[in-house]
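1. here is my input; please provide its structure:
(chains A and B)
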Amino acid sequence: MPVPFEALIPLGLITVFFGASGVLFQKLKTSVNEGQPPRYGLDRWDRVMMERDYRLTGTQRGQTHQSAAPAGFSTSSAWNLETEHL
Amino acid sequence: MSTHRETTFLSTGKFVDPTPAPPETAHPEVGTTSAPLKSAAFFIGAYCKDYNEDFMLCKDENNDPAHCLQEGRKVTRCAMDLISKLRENCEKEWEAHYKCLEKHNQEYYACRKPERTFNECVFSKLKLEKVIPGAAATPIHLRENTIYN
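-> Modelled structure (predicted):
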């Protein structure tokens, strides 16, 4: 009895669709995070440090290792713009 | 209290401070982002131990933000000094370690190999060692096998 190859066609289609959506999703996440996997399990410390990184480098996941910050860094915090929530 | 809340304006993109503070009041700040700092954390702790402890004890007396500014500036200067020393001596190993950390959600366990080379470089050039206070007989960063012991 020959192999029923027609039954393998939907199997192949499903595999291709799963695979393609998985690959596309991974590419999307990697491109948003500048070529790195996304951060997960972030607590307040990590969020505050990531905000500081954004102020230092200008991009979301950029990293630098200079010793001195650029000139306007110490006064570039957004706290002055926050309104008081009373 | 606004110091315990995260900012909400950063997500809207660029912002401009309407009343910027004059530049003379600004002291130099550390220009290193989170991954290099995490990579060099134990060395900063070893190198700047006195200034850090001074600052923490001073803050312990009075937690007002305006209180320990001078000790805080000393801490900043010490950290900047160590960072420039690391850049001079062990820049490639440091970069390798923190780039590895950035790929793995800044978890130490995932980057032991670059960490080992970086620690060896720092020990040979700057005589600083990574010591985990309160660690077991073999600290985790020195164990070959972390699963079966």
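
2. check contacts around the residue nearest the centre of chain B.
-> For chain B, the residue nearest the mean C-alpha position is B:L37 (3.4 Å; Cα atoms, centre = their mean). By Cβ atoms under 8 Å, 6 or more residues apart in numbering or on different chains, the residues touching B:L37 are B:V30, B:I44. From N, CA and C alone the C-beta is placed, and that goes for glycine too.

3. which SS state does it fall under?
-> Of the three states, B:L37 takes helix under DSSP: H, G, I helix; E, B strand; the rest coil.

4. which residues sit against stretch B:42-59?
-> With Cβ under 8 Å, 6+ apart as the test, stretch B:42-59 has contacts from B:37, B:67-68, B:71-72, B:74-75, B:78-79, B:82, B:86, B:122, B:126, B:128-132.

5. how about 7 Å then?
-> Residues from elsewhere that reach stretch B:42-59, judged by Cβ atoms under 7 Å, 6 or more residues apart in numbering or on different chains: B:67-68, B:71-72, B:74-75, B:78-79, B:82, B:122, B:128-131.

6. I'd like those written out as TSV, with neighbour count added.
-> Below are the contacts of stretch B:42-59 laid out as TSV (neighbours: other Cβ atoms under 10 Å in any protein chain shown):
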residue	neighbour count
B:H67	13
B:C68	21
B:E71	18
B:G72	17
B:K74	17
B:V75	20
B:C78	18
B:A79	21
B:L82	21
B:V122	25
B:L128	19
B:E129	11
B:K130	18
B:V131	11
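
7. listing request: residues of the chain with sub-threshold pLDDT.
-> Picked chain A for this. By pLDDT under 70, the low-scoring segments of chain A are A:77-86.

8. I was after chain B.
-> B:1-18, B:23-25, B:149.

9. could you say what helices and strands the longest helix along it packs with?
-> Longest helix of chain B, by residue count under DSSP state H: helix B:69-103. With contacts taken as 3 or more Cβ pairs under 7 Å, 6 or more residues apart in numbering or on different chains; DSSP states H and E, helix B:69-103 sits against strand A:65-68, strand B:30-32, helix B:34-39, helix B:41-47, helix B:49-61, helix B:112-126.

10. would you mind listing what in chain A touches chain B?
-> A:36-37, A:39-40, A:47-51, A:53-54, A:56-57, A:61, A:63-71, A:73-75, A:78-82 (Cβ under 7 Å from any Cβ of the partner chain).
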